[in-house]
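Colleague: next come a sequence and a model predicted from it.
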Amino acid sequence: MLHEVTYEKVEEIARLFEQARRHPGGIAADPLRRGPFGDRATMGAERPLEPQPAADWEDAFQRYLHDLPPEALAEVIALYRCGHGDAATLGQAVEQVRREAPSPADRRRYLQSRADLSSSLKRALRQV
């Protein structure tokens, strides 16, 4: 069970990752995402699924990960490991990530370096 990150945020991470891989320099700022060219250039009080405005998809993906709290990053890594087949249960995977005690920056780098991040996250969400 996820406690620190929502299914919707994990799905958004997968979507942003796919866009960043397909079109890293592609324009990510559009009115539908409330980017710099939209009607609001900053996030409101309630954090939407969209990341903070970013010029390109790679930056949008990185910013989205940067905005997640450390415990949420730990759950995303645990989900990745479950979906990738490296962990039997989500609970075990979360505890393993917490024991490793990597910094939030290390956790972000780990997620950014996974070539199969999107597919593994989606697979894990279907299992949870």
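Modeller: Perfect, thanks for sending it.

Colleague: so residue 2 is in which element?
Modeller: Counting by DSSP states H and E, no helix or strand carries residue 2.

Colleague: continuing past the helix or strand bottoming out on mean pLDDT in the chain, what's the next helix or strand?
Modeller: Every helix and strand of the chain was ranked by mean pLDDT, DSSP states H and E. The lowest is helix 90-100, at a mean of 86. Next along the chain after helix 90-100, taking DSSP H and E as the criterion, comes helix 104-112.

Colleague: and that next one, what does it pack onto?
Modeller: Packing contacts for helix 104-112, counted by 3 or more Cβ pairs under 8 Å, 6 or more residues apart in numbering; DSSP states H and E, involve helix 57-67, helix 70-84. The C-beta positions use only the backbone N, C-alpha and C, and glycine is treated the same way.

Colleague: ok now the least confident helix or strand of the chain, how far from the chain's centre?
Modeller: 17 Å (Cα atoms, centre = their mean, to the nearest Å).

Colleague: how about stretch 3-20?
Modeller: That offset, for stretch 3-20, works out to 4 Å (Cα atoms, centre = their mean).

Colleague: pLDDT of it, averaged?
Modeller: Taken as a whole, stretch 3-20 has a mean pLDDT of 89.

Colleague: what's the neighbour count on the residue lying closest to residue 116 once chain neighbours are set aside?
Modeller: Excluding the flanking residues, the one nearest residue 116 by Cβ to Cβ, 6 or more residues apart in numbering is residue 84, at 6.7 Å. Using other Cβ atoms under 10 Å, residue 84 is surrounded by 17 other residues.
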